[in-house]
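[1] Quick one: sequence and predicted model below, then my questions.
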Amino acid sequence: MTNEPAALPVLVFDGDCAMCSSLARRTRRWLHVERVEPWQRLDLASIGLDEQRCQAALQWVGADGSIDAAERAVISALRYAGGVWRLPAVVLAAPGIRSLAAAAYRWVARNRHRLPGGTPACQR
């Protein structure tokens, strides 16, 4: 864990999960999100998070300190990336679609240990 607060915005993922780590690397590369960090290396309290929230879902802490979790974190990261990523953000945020995105996120989160790149650490 670092003693310095993370620069914001930051996308916070589970660094113990190989699948999450792989997706985090892609997020940095594709979306050009500067801060994509495993929660295990952050001073969570300094950015308004705690271990329980981070174990439960992906977290986005916006430049203004606002926090979104799970599919909302994905939507916020896409919005932040801008450009061609705005369209998927708008689509995922649309009524009806967002509830499908939420269900898909929950399914992946529950089953990530079974998916490619999943590890036993992903089962918690």
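    Thanks, I have it. Since this is a predicted model, take the numbers as computed values, not measurements.

[2] Does residue 11 fall in a helix, a strand, or a coil region?
    strand (DSSP: H, G, I helix; E, B strand; the rest coil).

[3] Now it: closest residue in space, sequence neighbours ignored.
    Closest residue to residue 11 apart from its sequence neighbours, by C-beta to C-beta, 6 or more residues apart in numbering: residue 36 at 4.6 Å. For the C-beta atoms, the positions are set from N, CA and C on the backbone; glycine is no exception.

[4] The one you found and residue 26 touch, don't they?
    No - with contact defined as C-beta atoms under 8 Å, residue 36 does not reach residue 26; the gap is 9.5 Å.

[5] Who has more neighbours out of those two?
    residue 36 (20 against 10; other C-beta atoms under 10 Å).

[6] any idea how far the more buried one lies from residue 66?
    17 Å (C-beta to C-beta, to the nearest Å).

[7] Kindly report the same for residue 100.
    23 Å.

[8] Much appreciated, bye for now.
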